[in-house]
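Trainee: Starting from these lines, generate the structure:
(one chain, ligands or ions: 1)
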Amino acid sequence: MVAKTGSGLKLEATQAFMRDKLVDFPDAQVHIASSPVMYGLAIYTVLMARYDEKQKRLLVFRMPEHWTRLQQSAQIMDFQDFLTAWDYSRFETTIEQLLQANPAEQDVLIRVTVFVDELLAGTRMRGLRNSLCMFVYPYTPLLNPEGAHLCVSSWQRTADAAIPARAKVNGSYVNSSLMKNEALINGYDDAISLDERGHVCESSAANIFMVREGRLMTPDNASSLLEGITRRSVIEVAEKLGIPVEARSTDRSELYVADEIFLCGSTARLTPVLSVDRRPVGNGEAGPVTAQLRSAMDAITLGHNNDFSNWITPHPSLRPASTKLQ
Ligand code: PMP
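Mentor: Presented below is the predicted three-dimensional model:
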């Protein structure tokens with residue numbers, strides 16, 4: 001069945017993938033006594049797909065890397081059932097099936113969730129059933145693309161020994177929600193988290209980069225952060241453009257002396273940070289390195305840069321018709 005999407009994708013009218021099949025979006029539900037509802041026992045990823053107006057197709061960004069990160073979240077959370085039942089080819093085929101059922105002529109996001117599919121199973125995870133669901137929805141930016149005003153959160157980022165930020169676990173987003181909520185109450189757009197040592201981690205839902213004297217810097221992987229797919233892409237693109245880039249730990253005060261700061265993620269894309277704690281970043285406008293990287297990432301995600309065409313999976317795919325889904 002193909003969703004009736006009219007001129008734009010309407011969430012309620014879409015088809016979602018739930019357990020083993022496509023269902024009408026309103027029917028994709030979990031029970032009030034299930035582990036994801038009671039304890040947040042689920043992992044997820046959000047893929048972005050740009051709409052290629054010229055060739056009338058969607059370009060899914062770095063699908064294999066999203067698969068790998070989802071698998072790693074499953075390893076951390078001991079979701080053995082998922083790790084046994086799913087492989088990359090099944091993941092890719094299911095995304096294709098979902099996109100086929102929901103024709104979209106706009107940029108979209110695809111949210112994939114794997115959850116402990118049990119009722120009243122308590123907090124344990126080993127040996128329990130895992131199920132996968134996914135749905136597609138219109139892209140809306142996380143923050144104003146023109147720029148964001150951030151604060152440093154009074155909430156601390158969850159330590160690796162508490163809830164690992166490296167795993168994209170639904171329940172751990174309580175930490176992000178506390179930060180975001182506090183930031184909005186205090187008149188900011190979002191918040192930057194620090195870890196238990198006072199080192200900068202990321203924002204509530206995106207990774208962070210600073211520019212100082214033409215050098216790009218981002219907190220390293222041991223800084224209690226999600227290993228963002230956009231972050232690693234920005235690092236690779238910067239290297240290709242000859243911009244020196246380093247991943248290292250950094251402190252709150254370095255935010256105040258950076259020439260430029262930007263956030264990045266599948267939903268944030270590249271968002272310039274205009275101020276931190278009401279202190280302007282640089283001259284208070286998006287800087288040149290941010291602008292250069294943003295336009296490079298834009299071109300890549302829209303399929304305009306052949307050097308990075310292997311980062312994109314087009315849908316409908318360019319594979320021979322015989323290998324396509326019925
Ligand atoms: N950090 C956090 C906490 C996030 O929620 C996200 C968004 N998924 C990111 C970073 C960026 O990751 P990605 O580039 O893979 O979307």
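Trainee: And stretch 18-35, what's buried?
Mentor: 18, 22-23, 25, 28, 30, 34-35 (16 or more other CB atoms under 10 Å). Backbone N, C-alpha and C define where each C-beta goes, glycine included.
Trainee: Show me what it is in contact with.
Mentor: Stretch 18-35 is contacted by residues 1, 11-17, 36-37, 41-42, 97-98, 101, 115-121, 128, 131-133, 135 when judged by CB atoms under 8 Å, 6 or more residues apart in numbering.
Trainee: let's go with 6 Å and repeat that
Mentor: Residues from elsewhere that reach stretch 18-35, judged by CB atoms under 6 Å, 6 or more residues apart in numbering: 12, 14-16, 36, 41, 101, 116, 118-121, 131, 133.
Trainee: Quick check: which ranges of the stretch 201-326 of the chain have low pLDDT?
Mentor: 318-326 (pLDDT under 70).
Trainee: Go again with 90.
Mentor: Judged by pLDDT under 90, the stretch 201-326 of the chain has its weakly predicted residues at 316-326.
Trainee: Near the ligand, which residues of this structure are found?
Mentor: 46, 176, 202, 205-207, 226, 228-231, 265-266 (CB under 6 Å from any ligand atom).
Trainee: I'd assumed T271 was in contact with L143.
Mentor: Yes: applying CB atoms under 6 Å, one finds L143 in contact with T271, separated by 4.7 Å.
Trainee: who's more crowded, the two?
Mentor: Neighbours per residue (other CB atoms under 10 Å) separate L143 from T271, with T271 holding more: 28 against 22.
Trainee: which residues touch the helix or strand harbouring that one?
Mentor: If you go by DSSP states H and E, T271 is part of strand 269-276. The contact list for strand 269-276 (CB under 6 Å, 6+ apart) reads 143, 147-150, 255, 261-264, 281, 284, 286, 290, 294, 297.
Trainee: Equivalent analysis for stretch 288-308, please.
Mentor: So stretch 288-308 is in contact with 50, 52, 59, 61, 211, 234, 237, 260, 262, 270, 272, 312, going by CB under 6 Å, 6+ apart.
Trainee: what's the answer for stretch 169-188, then?
Mentor: 40, 42-44, 149-151, 153, 155, 158, 163, 190-191, 204-205.
Trainee: So which of these wins on neighbours?
Mentor: Highest count within those by other CB under 10 Å belongs to I43, 30 neighbours.
Trainee: for that residue, what are its contacts?
Mentor: 73, 77, 114, 168-169.
Trainee: which ones among those residues are found in strands?
Mentor: The strands, defined by DSSP state E, take in V114 from the contacts of I43.
Trainee: Taking the residues of the chain next to the ligand, please make a ChimeraX selection of just the buried ones.
Mentor: To isolate the buried ones among those in ChimeraX, judged by 16+ other CB under 10 Å, type:
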select :46,176,202,205,206,207,226,228,229,230,231,265,266
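Trainee: can you count the residues close to P280?
Mentor: 12.
Trainee: same deal with T313?
Mentor: 19.
Trainee: What pairs with the helix or strand encompassing it, parallel or antiparallel?
Mentor: Element membership of T313 [criterion: DSSP H and E] is strand 312-315. As defined by DSSP bridges, the strand partners of strand 312-315 come to strand 57-61 (antiparallel).
Trainee: could I get the strand it pairs with in PDB with only the CA atoms?
Mentor: The C-alpha atoms that make up strand 57-61 are tabulated as PDB, following Å, rounded to 0.1, in the frame of the first residue of the first chain:
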ATOM      1  CA  ARG A  57      14.700  11.000  -6.000                       C
ATOM      2  CA  LEU A  58      15.700  11.000  -2.300                       C
ATOM      3  CA  LEU A  59      19.400  10.800  -1.400                       C
ATOM      4  CA  VAL A  60      19.900   9.000   2.000                       C
ATOM      5  CA  PHE A  61      23.000  10.200   3.700                       C
END
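Trainee: contact partners of that strand?
Mentor: 47-52, 301, 303, 312-316.
Trainee: same thing but 8 Å
Mentor: 47-52, 95, 99, 104, 108, 110, 229, 266, 301-303, 311-316.
Trainee: can you check stretch 243-252 too?
Mentor: So stretch 243-252 is in contact with 152, 194, 198-200, 210, 214-223, 235, 238-239, 289, 292-293, going by CB under 8 Å, 6+ apart.
Trainee: Filter those residues down to the buried ones.
Mentor: Here, 16+ other CB under 10 Å leaves 152, 194, 199-200, 210, 216-219, 223, 235, 238, 289, 293 buried among the contacts of stretch 243-252.
Trainee: Pull the contacting residues for W155.
Mentor: 175, 178-179, 182, 191, 193.
Trainee: What would the host helix or strand of it look like as PDB? C-alpha coordinates only.
Mentor: Element membership for W155, per DSSP H and E: strand 148-156. What follows is the C-alpha trace of strand 148-156 in PDB, where atoms were taken according to Å, rounded to 0.1, in the frame of the first residue of the first chain:
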ATOM      1  CA  ALA A 148      21.600  29.900  17.600                       C
ATOM      2  CA  HIS A 149      22.100  31.500  21.000                       C
ATOM      3  CA  LEU A 150      23.300  28.900  23.500                       C
ATOM      4  CA  CYS A 151      24.000  28.600  27.200                       C
ATOM      5  CA  VAL A 152      26.200  26.200  29.100                       C
ATOM      6  CA  SER A 153      23.800  23.800  30.800                       C
ATOM      7  CA  SER A 154      23.700  23.500  34.600                       C
ATOM      8  CA  TRP A 155      22.900  19.800  33.900                       C
ATOM      9  CA  GLN A 156      25.900  17.500  33.500                       C
END
